[in-house]
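Give me a model of this one.
(chains A and B)
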Amino acid sequence: MTESGQHRRSLVRGTLALLVAAAAYEAMARSGYFAPALLPTLPAIGRTLFASLADGSMIEHAAFTLYRVMFGFALSVVVGLPLGILMARFQHVGNFFLPLVSALMPIPSFALVPLFMLWFGIGNLTTILIVFYAATFPMIFNTWSGVRSVNPIWLRAAGAMGASEHRLFWKVIIPGASPFIITGMRQAFLRAWIAVVGAEMIAASDWGLGWVIFDAKEFLNTDTMLASLIVIGITGFAFERFVFGSIERATVMRWGMMRAAKG
Amino acid sequence: MVPIEIRDVSLIYDTPGGKVPGVKDVTLNISASEFVCIVGPSGCGKSTLLNIVAGFLSPAAGEIRIGGKKVDGHGMDRGVVFQDFAQLFPWRTALGNVAFGLEMKGVPKDERERIAHEQLRLVKLEKFTASYPHHLSGGMQQRVAIARALAYNPAVLLMDEPFAALDALTRDDMQRLLADVWRETRKTVIYVTHNVSEAVYLADRVIVMTPHPGTVKAEIRIPLPRPRDPLSVEFLDFQKELLRHLGHGASASEPTKANGKTTA
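Residues are numbered from 1 along each chain as shown, chains lettered A, B, ... in the order given. From the prediction side, this is the model:
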């Protein structure tokens, strides 16, 4: 089967699964067993979503959330990428940071929100730092593994062709570790996106999708809550699929260092 | 081109099972533009010796001089081709791979691309300059590797069983191509192989090494004119002689397994 044919089929399958899930939800909402205020129907959610998009408020909230995610994510790349490389290249750096990273990584970033609030107050700084905390560990770990898995024959060949340490680093180690680095970015972004909503619920004032959900609870606006969830899901999916997907296709898949899954 | 002097070179491997001599007291003089093949069974130290000449390993004793200059680490006077197809950088096109050494040398982009094109033409891959290695066959990848090792114009070409992982037919083509490339470039070549007919086809001189410890057992000159005919009587005689040194074919009239493979 052709690649585009496969693509179309997976699109059809995905849409079908979504439609079935939506129909099941709709049936539940209309069954009469639940209060409509708690389980609004899809058209009700759709109207709320559309209204909030039309008046720009949802877009503004989403923009705030995205800003925090991108800022924290960028920070995690700026810190995690060099640190992971240094840990892999220099044994004592690895010996020092590896236990720290292993001990800090399992702490859920959400558990740090109250502490960070006391330290950094309510607002952007705390949410960005929470995002950074969540995203930075997958970045470090994947980079670290990636550098250690660079094929030694590339280093040998490059050395034989007169590559200096500096050139070796930029021209061989970074591209050689790129499948892992890109996977690290993907995971980091996903964790960042998950962390931001939680952080915003508690530590953000007035803006952000997490805050919208938390605030809507006060007024029993379940339709607003569900509309925000839809926006969160779609945005995260779009980034994952289109941004990181295209980076992957333009680099490691084009180079044959990573292959698309079959079927 | 330059000669290579290998003088009393020894190397000992430190393994968990104790010290194992890799090569012991190897002395070899290779003249400028000479094509030398080193043959021997696995573990005879032929690859170790090549890695010492390449500068990847330091000898425990002895020294190597290339063009009179003592070898200390790797350098751009030598080009290296490995057996493993993975030696090419997958993130670079064939052209990008071949241009790598020139890039390290600081040659401007236009100039290095021109030279890389030229080198790829030499190995008959001018149509594949823009291809990434994973789109090339094993034989093509090895040809890119040869072009890459030649591109920055080293005096010496070191090859570690570059065609061993190829199928027999492709290997024949590659040997013909290498013989042509050598005739045109006149590099001094050290070529490691365990394939006896390959050695007779390519070499001016074949060095036979034996293991435990790795030492030079015999040297055989191959004065046959090129291009060589692998089915000629003289060719087969040299093959038999080599096999005898390697401990095969004690009775030369009996065809041995290792002798069964014919080469272009």
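
Going by C-alpha atoms from here, please, whenever you check contacts or count neighbours.
Will do.

mind checking pLDDT for the closest residue in space to B:Gly67 that isn't next to it in sequence?
What sits nearest to B:Gly67 in space, not counting adjacent residues and going by CA to CA, 6 or more residues apart in numbering or on different chains, is B:Val2, at 4.8 Å. We have a pLDDT of 87 for B:Val2.

how about B:Val2, phi and psi?
phi -130, psi 150 (degrees, to the nearest 10).

now it: how far from B:Met159?
17 Å (CA to CA, to the nearest Å).

and what of B:Tyr191?
5 Å.

now B:Pro227
For B:Pro227, the distance to B:Met159 equals 20 Å [CA to CA].

quick one on the thing from earlier: which residues touch the residue nearest to B:Gly67?
Contacts for B:Val2 (CA atoms under 8 Å, 6 or more residues apart in numbering or on different chains) come out as B:Ser31, B:Ala32, B:Ser33, B:Ile66, B:Gly67, B:Ala155, B:Val156, B:Thr188.

wait, the fourth one sits on B:Leu28?
Translated: B:Ile66. No: in this structure B:Ile66 lies outside contact range of B:Leu28 using CA atoms under 8 Å: 11.9 Å.

okay, those two: which has more neighbours?
B:Ile66 (19 against 16; other CA atoms under 10 Å in any protein chain shown).

So what pairs up with the more buried one in the strands?
Beta-bridge pairing for B:Ile66 (DSSP bridges): B:Ile4, B:Lys69.

can you pull the contacts of it?
Residues near B:Ile66 by CA under 8 Å, 6+ apart: B:Val2, B:Pro3, B:Ile4, B:Glu5.

before we move on, which element is the residue in the stretch 101-250 of chain B that chain A sits nearest to in?
When scored by CA to the nearest CA, the stretch 101-250 of chain B has B:Gly101 as its residue closest to chain A, at 4.8 Å. B:Gly101 belongs to helix B:94-105 when assigned by DSSP states H and E.

out of everything not next to it in sequence, what's closest to B:Gly62?
Excluding its sequence neighbours, the residue lying closest to B:Gly62 (CA to CA, 6+ apart) is B:Val9, at 4.2 Å.

ok, B:Ala130 - contacts?
Counted by CA under 8 Å, 6+ apart, B:Ala130 has contacts B:Thr93, B:Ala94, B:Leu95.

which one of those residues is nearest B:His212?
The closest of the contacts of B:Ala130 to B:His212 turns out to be B:Ala94 (CA to CA; 40.1 Å).

Does that closest one touch B:Lys127 like I think?
No: assessed by CA under 8 Å, B:Ala94 is found out of contact with B:Lys127, at 10.2 Å.

What pLDDT does the model give residue 150?
Going with chain A. A:Val150 carries a pLDDT value of 93.

hm, I was asking about chain B
Note for B:Leu150: predicted pLDDT of 91.

for the host helix or strand of it, packing partners?
Using DSSP H and E, B:Leu150 sits within helix B:138-151. Judged by 3 or more CA pairs under 8 Å, 6 or more residues apart in numbering or on different chains; DSSP states H and E, the packing partners of helix B:138-151 are strand B:78-81, helix B:94-105, helix B:109-122, helix B:168-185.
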